[in-house]
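When you get a sec, could you give me coordinates for this:
(one chain, ligands or ions: 2)
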Amino acid sequence: MATTSAKSSTFVPRVSPSPSSNGSNRPSLLSFPKSSPLIPLKHLSLSRSSLHALKTLESPSISKSTTLEPTKPDSKPTILVSEKLSEVGLDVLRSFANVDCSYNLTPEDLCAKISLCDALIVRSGTKVTREVFEAAKGRLKVVGRAGVGIDNVDLQAATEFGCLVVNAPTANTIAAAEHGIALLSAMARNVAQADASMKAGEWKRNKYVGVSMVGKTLAVMGFGKVGSEVARRAKGLGMHVVAHDPYAPDDRARAIGVDLVSFDKAVSTADFISLHMPLTPTTNKIFNDETFAKVKKGVRIVNVARGGVIDEDALVRALDSGVVAQAALDVFTVEPPPKDSKLVQHENVIATPHLGASTMEAQEGVAIEIAEAVVGALNGELAATAVNAPMVPAEVLAELAPYVMLAEKLGRLAVQLVAGGSGIKSVKVVYTTARDTDDLDTRLLRAMITKGIIEPISTTFVNLVNADFTAKQKGLRISEERVSVDGSPDCPVESIQVHISNVDSKFASALSDNGEIIVEGKVKGGIPHLTCVGSFSVDVSLEGNLILCRQVDQPGMIGSVGNILGEENVNVSFMSVGRIGVRKQAIMAIGVDEEPNKETLKKIGEVEAIEEFVFLNL
Ligand SMILES: NC(=O)c1ccc[n+]([C@@H]2O[C@H](COP(=O)([O-])OP(=O)(O)OC[C@H]3O[C@@H](n4cnc5c(N)ncnc54)[C@H](O)[C@@H]3O)[C@@H](O)[C@H]2O)c1
Ligand SMILES: O=C(O)[C@H](O)COP(=O)(O)O
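Ligands and ions are numbered 1, 2, ... in the order given. As a prediction, the model looks like this:
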């Protein structure tokens, strides 16, 4: 942390952990609290090649939290698996962590266990509520949803607690689509009812006459992964397929031969309706009395999405009145539904206990996908399937790695130049770049600047997941500006400037003419460099610690300060002087490997020509 400043001030060292204090000089995009026992990625046999690329950004983490469970530094992390996961996924987890498979936990049991766990893997049956994140006391770093729907995870709470949520969005698509088609056909031909009747010793051929699917119109509501696979299969059955999805691209629909239509057109023209949208505040009970008033009388409905998208009482009414002829349901508002559920018991309803994803193949795929994502995340990597953090392709991450490091260091440096360290309300980040706007994703850089600014002045640990939220909560407004320059677009960013306005500085030379603290940095040869402080140009690599001194330019200054440090066995890694003119004001930037003690810094402050100085932890 920054110490001392103007010559007359008393020197009070204040040390706080820095990201580099873990011995690694690499940025940790997903730094987690200290209790995270991390194992190098090389000890894992993960199949996904992207994990290798992401490794360039991997780093253990540091937190200031003292409320966390102490964990031996070399012990394995603990992963709680609260619902059945295929053995292949468990094997991946076990090679990395202690795995606790505790199925059928009550919400209270889950809250009791969670503070001992670094990661939690769930399916749709576990509600990961705010209470769970609170009970975790900062230890829970990752929630892995072994499947698609994340409506059972309180994403807002996860984000606030800096807990990454990842899912496995692709491995069960086909299984869900096949189950949708199975329910569609079974419903149309009364398979389930006829089977039950036969098992009861009956032979009722006339009672179970069905309806044909060929030539009928199917409305696919939600034309995402599952919806489009259902549409493809329904086309194969000779159905006319329309789809409604406000966000689906036309070309995806065209490729399958499906018309994208409005909600009303879809529901009013369909003979069959198949639901494939996520459960969100917008889709909650989207099928209600009003919707059923618009459908073709005798429509048949399949739901393998989420029970909550249908108002179940309204559906019972529509079934009773014959507006809906039949329904085939895999999902329910409350799972399992009550034993006396009118819907499940309805003679025109067939039901399965949320089996859409339950094939051997899908469960193996999902288990591997989620295990790899969770392990990667515990290693500080950004999962490609992150739900509450930016998804950044591996190659972009690799390219941005040194800039991410630069961003965090500039943030740390800038905040240490603020007198008192706090009270910062407005930060402007200026990126100088030759890249087009679409070609430079600054979310990572902004998050790391935020981390650099907030961590030295608070007890909050900040990572990519909660950076924006934490900044907002602390009333810190971070704006971004791009300055286009001619240059090589091979280099993502020429320079990054951090401006902090409306604050006093403990190093007056860091203030620009308009009173803002300004620090500027560049990446040179893959290493972050500080290139400007206030109006002074310098050039020092941002490694170790930094002493900034303002003096009147004159011979012998480097020697004087160097001698003081040398006498105290403080190793100088570099020195750079930026001056406004010969024998005029100058800034000397001195990189030091060790942190000089109070006495040493006092001696530097006493050097005749030095007008002010500051010590900064990078
Ligand atoms: N029953 C099961 O076991 C099972 C298995 C897999 C998926 N699912 C569920 O199926 C649903 C779809 O999964 P997916 O993998 O296809 O997800 P997806 O994200 O690929 O597709 C969802 C689609 O719904 C669309 N959508 C969002 N809001 C909409 C609205 N108001 N109206 C119409 N469309 C809307 C989205 O644009 C998206 O294209 C999810 O709810 C998922 O949880 C269930
Ligand atoms: O959203 C999903 O992936 C499905 O609903 C599957 O849920 P499950 O993992 O509980 O089977």
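
which bits of the stretch 351-500 of the chain sit near ligand 2?
354, 356-358 (CB under 6 Å from any ligand atom). Heads up, the C-betas are built off the backbone N, CA and C, glycines and all.

do that again at 5 Å, thanks
Residues of the stretch 351-500 of the chain that fall close to ligand 2, judged by CB under 5 Å from any ligand atom: A357.

And the pLDDT for the residue in the stretch 201-350 of the chain positioned nearest to ligand 1?
With CB to the nearest ligand atom as the measure, G224 is the residue of the stretch 201-350 of the chain nearest to ligand 1, at 1.7 Å. pLDDT recorded at G224 is 95.

how close does the residue nearest to it when sequence neighbours are not counted get to ligand 2?
Leaving aside its chain neighbours, G224 sits nearest to H276 (6.4 Å; criterion: CB to CB, 6 or more residues apart in numbering). According to CB to the nearest ligand atom, to the nearest Å, H276 and ligand 2 sit 11 Å apart.

what do you get for L444?
Distance from L444 to ligand 2, by CB to the nearest ligand atom: 28 Å.

go on, V538?
Here the criterion is CB to the nearest ligand atom. By it, V538 lies 54 Å from ligand 2.

tally of neighbours for that residue?
When neighbours are counted by other CB atoms under 10 Å, V538 registers 22.

Ok, the one 3 residues further on next?
Counted with other CB under 10 Å, residues neighbouring S541 total 18.

how about the helices of the stretch 101-250 of the chain, start to end?
Secondary structure of the stretch 101-250 of the chain (DSSP state H, counting those that start in this stretch): helices located at 107-114, 130-135, 155-160, 173-188, 191-199, 225-236, 250-256.

The fifth one packs against which elements?
What that stands for is helix 191-199. Secondary-structure packing of helix 191-199 (3 or more CB pairs under 8 Å, 6 or more residues apart in numbering; DSSP states H and E): strand 349-351.

Repeat that for the third one.
Helix 155-160 makes packing contacts with helix 130-135, strand 164-167 when contacts are defined by 3+ CB pairs under 8 Å, 6+ apart.

tell me which parts of the stretch 351-500 of the chain are close to ligand 1?
Residues of the stretch 351-500 of the chain lying near ligand 1 (CB under 5 Å from any ligand atom): 356-357.

Would you state the helices of the stretch 351-500 of the chain in chain order?
With DSSP H, counting those that start in this stretch as the criterion, the stretch 351-500 of the chain has helices spanning 360-378, 394-416, 443-454, 467-473.

Contacts for the third one, please.
Counting contacts by CB atoms under 8 Å, 6 or more residues apart in numbering, the residues outside helix 443-454 that touch it are 27, 29, 31, 390, 392, 397, 400, 403-405, 407-415, 424, 427, 429, 431, 460, 462-464, 467-468, 470-471, 474, 476, 478, 480, 493, 496, 498.

sorry, back to before: the residue of the stretch 201-350 of the chain closest to ligand 1: how many residues sit nearby?
Neighbours around G224, by other CB under 10 Å: 20.

Surely it is in contact with R252?
No: counting by CB atoms under 8 Å, G224 does not reach R252; the two are 9.3 Å apart.

Return the distance of A447 relative to ligand 1.
For A447, the distance to ligand 1 - CB to the nearest ligand atom - is 25 Å.

Output the below-cut-off pLDDT ranges for this structure.
Counting by pLDDT under 70, the chain shows low-confidence ranges at 1-74, 421-422, 579-584.
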